[in-house]
Each structure stands twice: as C-alpha cells, then as structure tokens.
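*Asks:* Just to be clear, the model below is a prediction. Sequence and coordinates:
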Amino acid sequence: MKINVDKWGLAALAVVLAVLPFTASGYVLYIVNLLMIYIVLALGLHLVIGETGQFALSHAAFYGIGIYTAGIINNTWHPNFVVSVLAAGVITAVLGYLLGALAIRMRDIYLALSTFAFGEAMQWVFLNWAEVTNGSNGYQMSPARFFGLELTSDLAAYPFVILGAALMLWLTVRLSRSQLGAAFRAVRESDVAARAMGIDANVVKRVAFMCSAAYAGVAGGLYTTFASFIHPESLGFWTTILILIMIVVGGIGSVRGAVIGAVIFGLISELLRQVLSFQEIIYGLILIGFMMFAPRGLFSGGARARKAALGESAGRAGT
C-alpha cells in the first residue's frame, strides 16, 4: 500500500509540474526552478551525511565551484549547456574526492571544522579572484544554450531543470539500493564493523565525498540555465546551513525527507527574504529545535524499521 501511495503521489506531482508552465507566472517558475536546485543539493548532502555519516560542511563551496565552472564555460565557448553541467559535475567530483582523501583522517567535530574551513577558503577565493570571478561585483553569465536555442527565461529553462532534478533523484534512489549504498550505511554505523565485513571504509568515505560534491556541482550547473548572475555572498556558510536544515528536518538518512525538506525550506527561505536580518536567527532556532526534540526529522521512519533496514544493508554489504 505504501508503494502505491508513493506512486500515486509521484504521478500527481508529475501532472502538476507538466501543467505549471501553462498556468503559472514567470516568478512561480523561477521558484520551482530554484526548488529543484535545492532538491539536488539536499540529495548530495544526504549522501555524505545521511547515508555515510560524514559531517561535511563544504557543500556551498562545491555548489559555487559548479556555478562558476558552468558560467565561465558558457561565457567563453557557448557550448550546449549539458557540456557545462557535466564539466561542473566532473570538476567538483574530483575536488570532492581530494577533499575526502584529506578529511577522512578526521572524525566528528574535527571533520566538520576542516570542511567548514574549506568552504570559507573557497568563498574567499570567489570574493578575491577578481580576474576569474569578478570578485565582489558578482559574475554575470550569458544565457545557456541547447542546440542553438538560448534559454533566456525561467520558462525556457524549466523543463531542463525539472528533468535534471528528476534524473538526480532517480540516481540517488538507485545508489541507495545498490551495494555501494549498503557500504555507505555500514560505514555510517561502524567503521570497525564495516572493515570486518571486508569493506574499505576509507575508499567508501572518499567516494561519498566525491558523489556529494558532484551533486553540488551539477546543481550549480543547472542553476546557470535560468540565472544570469551570482554573487559570492550567496555561497557562504549559511547556504550550507540551509541545506543541512533541509535534511535534518526532513529526516537524516531519508531520500524522501531530503526532497520534502528541500521544498519546505526552499519556500521558507524565499519568504524570509523580506526579513533578511532575522534569517540566520530563525534558521538557527529551527535547527536547534529539531536536533533537541525531533532528531530523526519528519520522515525518517520508526526506530525499529530503521534498525531492520540497517541490518539488511549491512548483510548485503558483506556479501
């Protein structure tokens, strides 16, 4: 019954998204495009924190690298936007793997601090490497292209952003159900137990960092299909916190929770643009409240079901 409900929900969502371009204003389409970017970002952070248990705070940095990579490629060579999105994903995947190779030497708060430092360093680069990023003036991006068609509006970019987000969601579900996904969860529960089952925990962690960074890079590439400007201030620590809140409130370790959390807090962040001075306080209170009173989030499922699923995952990882 649960599967049928999920299928009906997905079908209804698909119908709404298909009808939306014919009934909604440009601003609404912009918001939907932005929500799809948040979904991809949340899914990426879900892989490294929710699936693998590595508390990384570098997501906004990889998102920014993806945006600047795709934007620079678009401005310089004007290729099919698929090329720039893939390039953004590949470059961030390589950087994520390298960061993971360094970060896996640390655990818990030390891991969080080291990845936070990387994120802050990258924002400094975005602000000061003026020859490439135009520094604090922000970076203007030319319209993305698709086989000669310029995507000059939110409506033109809408189907590509929707398809991109749907593809990343499908990949996340497939990965979660794969042997690699089982290895992620085994490492999350215990490095020692994972190694006892023949899993190379260090390799698994590096791959998790790589996949998470690639998702952020792809999200950045997709962002350039409907946005024409980016400022380094929007790629700071609070962007990572916003994505973290999405997966915490949705339910750490839950793909569904990451998606729903991204939608809810994507909309909340847009509403809070009217009270920018209170944004950080509100986000902080929400995060603290859920960590104290509902650490499993809204859609993580019961503890017994989680333990059963973890046991099954560990069994598959060892085979």
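*Replies:* Here it is on my side, so go on. Computed from a predicted structure; not experimentally measured.

*Asks:* quick one: contacts for Ile260?
*Replies:* Going by CB atoms under 8 Å, 6 or more residues apart in numbering, Ile260 touches Gly250, Leu298, Phe299. Placement of C-beta: from N, CA and C, glycine included.

*Asks:* What subset of those residues is buried?
*Replies:* With burial judged by 16 or more other CB atoms under 10 Å, the buried subset of those is Gly250, Leu298, Phe299.

*Asks:* looking at this, the last one is in a strand?
*Replies:* No. According to DSSP: H, G, I helix; E, B strand; the rest coil, Phe299 belongs to no strand; its state is coil.

*Asks:* what sits against it?
*Replies:* By CB under 8 Å, 6+ apart, Phe299 lies in contact with Gly250, Gly251, Ser254, Arg256, Gly257, Ile260.

*Asks:* Please convert those residues to a markdown table, extending it with pLDDT, secondary structure and distance to Ala186.
*Replies:* As requested, the contacts of Phe299 are arranged in a markdown table below (pLDDT from 0 to 100; DSSP: H, G, I helix; E, B strand; the rest coil; distance: CB to CB, whole Å):
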| residue | pLDDT | secondary structure | distance to Ala186 |
| --- | --- | --- | --- |
| Gly250 | 91 | helix | 23 |
| Gly251 | 91 | coil | 20 |
| Ser254 | 92 | coil | 18 |
| Arg256 | 91 | helix | 21 |
| Gly257 | 92 | helix | 21 |
| Ile260 | 93 | helix | 26 |
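
*Asks:* quick one: low-confidence parts of the stretch 51-200 of the chain?
*Replies:* Nowhere does the stretch 51-200 of the chain drop to pLDDT under 70.

*Asks:* Which parts of the stretch 201-319 of the chain are strands?
*Replies:* In the stretch 201-319 of the chain, the strands defined using DSSP state E, counting those that start in this stretch lie at 229-230.

*Asks:* residue ranges with poor pLDDT in it?
*Replies:* Applying pLDDT under 70 to the stretch 201-319 of the chain flags the ranges 300-319.

*Asks:* picking that back up, let me know the closest of the buried ones among the contacts of Ile260 to Phe22.
*Replies:* Closest to Phe22 out of those is Gly250 (29.9 Å), distances taken as CB to CB.
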